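Novice: Here is my input; please provide its structure:
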Amino acid sequence: MSYTVEAADALARLPDFDAIVDVRSPAEFAEDHLPGAINWPVLDDEERRVVGTLYAASPFEARKIGAALVARNIARHIEANTAGLPKTWRPLVYCWRGGQRSGAMNWFLGQIGFRARQMTGGYKAYRAEVRQLLETLPGALDLRVLCGRTGSGKTRLLQALAAEGAQVLDLEALACHRGSVLGAMPDAPQPSQKRFDSLVWQQLRAFDPARPVFVESESRKIGQLRVPELLHERMRASEHCLWVEMPEAARIELLLQDYGHFAADPDGFCRQLDGLVALRGKETVKRWQAQARAGEWAAVFGELIREHYDPGYERSLSGHYPHVAKAQDLTLPDGGVASLQAAARSLL
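Specialist: Reported below is the predicted structural model:
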């Protein structure tokens, strides 16, 4: 027999379920989904479009066609995915609003004998919970904000801190973007805003408020994604700022490593630099582009940090992070594993 479960209760007990089954279309699932969910669409994207279009003209005809499609798709998922599962298998099933799509899948699973539960309110209720908690969870956190110029090793230090057992919120990793004009990750598009919100929510709810959380001094936006408002306010208000410093030569070497993918695509690098013309002038940008096309990567990164990144970062930081003037200094000799590990241990 199958039952329903309220969204808030289901979200509080996600680890209790053996699987989280999202029956929405692949496009809906790709935009965002519950943590750990698998996608068993009862209507694919085209089927959902066809049924939805027909529903506007004749709900009865749409339901007839939709029922046949849903039944066939559910049968396919059961055949492909349930072989060998015990009767005690306990999935949580949801769709957009906890309606007919998840109801149909939940009914079939229950008829088989699985201990399925349908989440009332569906993804819509989950999204409301995420929005609500993003407005409250950051307020309980003790945030330690890593500040420092571009290429000074802040992200690597976060990773080293995580390896030492610290609580770390790596917003750039969640956003798939390094936060600068050149920050897009190769072959890794940014998630949707809803997906980013979900990933941040998932991290925040896992933190122990009694322990500090290390985070980088991000702007309001990372690429095309907005940092949740209260979280960003709490980051800016933190009195625990750390100023991470690294010699210029080591910074350039770190940038050569982190942005090494541009060596295979200098034209792509130059196209992104076009976005700096308004700030730095056409002739300066042309010089940087010529250096890149000539393979003079150390030279171009050196000029970028001196003439673009450092002046812009320091102006922005002083305006958005008022406590940076009292920041604790932390000097890294380089971006190597030993230096980062030693720094992380000193902070802990």
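Novice: contact partners of the helix or strand of the chain with the lowest mean pLDDT?
Specialist: Of all helical and strand segments in the chain, the minimum by mean pLDDT, DSSP states H and E falls on helix 310-320, at a mean of 82. Residues outside helix 310-320 that contact it (C-beta atoms under 8 Å, 6 or more residues apart in numbering): 147, 149, 150, 217, 219, 236, 279, 324, 325. Heads up, the C-betas are built off the backbone N, CA and C, glycines and all.
Novice: Determine which two of these are furthest apart.
Specialist: Greatest spatial distance among these (C-beta to C-beta): 279 and 325, at 25.2 Å.
Novice: how about low-confidence regions in the stretch 151-300 of the chain?
Specialist: For the stretch 151-300 of the chain, no stretch is flagged by pLDDT under 70.
Novice: What segments of it are helices?
Specialist: In the stretch 151-300 of the chain, the segments counted as helices under DSSP state H, counting those that start in this stretch are 154-163, 171-175, 193-206, 229-237, 248-258, 266-273, 277-280, 282-293, 297-304.
Novice: contact partners of the fifth one?
Specialist: Outside of helix 248-258, the residues within contact range by C-beta under 8 Å, 6+ apart are 149-153, 156, 178, 246, 297-298, 301-302, 305-306, 332-335.
Novice: Now, of the contacts of helix 310-320, which are buried?
Specialist: 147, 149, 150, 217, 236, 324 (16 or more other C-beta atoms under 10 Å).
Novice: so what's the third one up against?
Specialist: Taking C-beta under 8 Å, 6+ apart, we find residue 150 in contact with 180, 251, 255, 305, 309, 310, 313.
Novice: Now name the helix or strand holding it.
Specialist: Per DSSP states H and E: residue 150 is located in neither a helix nor a strand.
Novice: In the lengthiest helix in the chain, which residues are buried?
Specialist: If you go by DSSP state H, the chain has its longest helix at helix 59-81. Judged by neighbour count using 16+ other C-beta under 10 Å, the buried positions of helix 59-81 are 62, 66, 69, 70, 73, 74, 77, 78.
Novice: what's the distance between residue 262 and residue 245?
Specialist: Distance, residue 262 to residue 245, using C-beta to C-beta, to the nearest Å: 25 Å.
Novice: neighbour-wise, which of these two wins?
Specialist: residue 262 (19 against 15; other C-beta atoms under 10 Å).
Novice: Could I get the full set of strands for the stretch 1-150 of the chain?
Specialist: 3-5, 19-22, 38-39, 91-94, 117-119, 143-147 (DSSP state E, counting those that start in this stretch).
Novice: Now the weakest link among those strands, please, by mean pLDDT.
Specialist: Least confidently modelled of the strands of the stretch 1-150 of the chain is strand 3-5, at a mean of 93 by mean pLDDT.
Novice: Mind listing the strands that one pairs with, and their directions?
Specialist: strand 117-119 (parallel) (DSSP bridges).
Novice: Do you know the pLDDT at the residue nearest to residue 234 when sequence neighbours are not counted?
Specialist: Nearest residue to residue 234, sequence neighbours excluded (C-beta to C-beta, 6 or more residues apart in numbering): residue 138, at 4.5 Å. Residue 138 carries a pLDDT score of 97 in this model.
Novice: Next: residue 1.
Specialist: Reported pLDDT at residue 1 in the predicted model: 50.
Novice: From residue 32, how far off is residue 257?
Specialist: 32 Å.
Novice: Which of these two has more residues huddled nearby?
Specialist: residue 32 (21 against 11).
Novice: didn't the more buried one look like it was pressed against residue 194?
Specialist: Yes: using C-beta atoms under 8 Å, residue 32 makes contact with residue 194 at a distance of 3.9 Å.
Novice: Need the overlap of contacts for the two.
Specialist: residue 127.
Novice: can you tell me which residues contact residue 40?
Specialist: Residue 40 makes contacts with 21, 22, 23, 74, 77, 81, 105, as judged by C-beta under 8 Å, 6+ apart.
Novice: Alright, that wraps it up for me.
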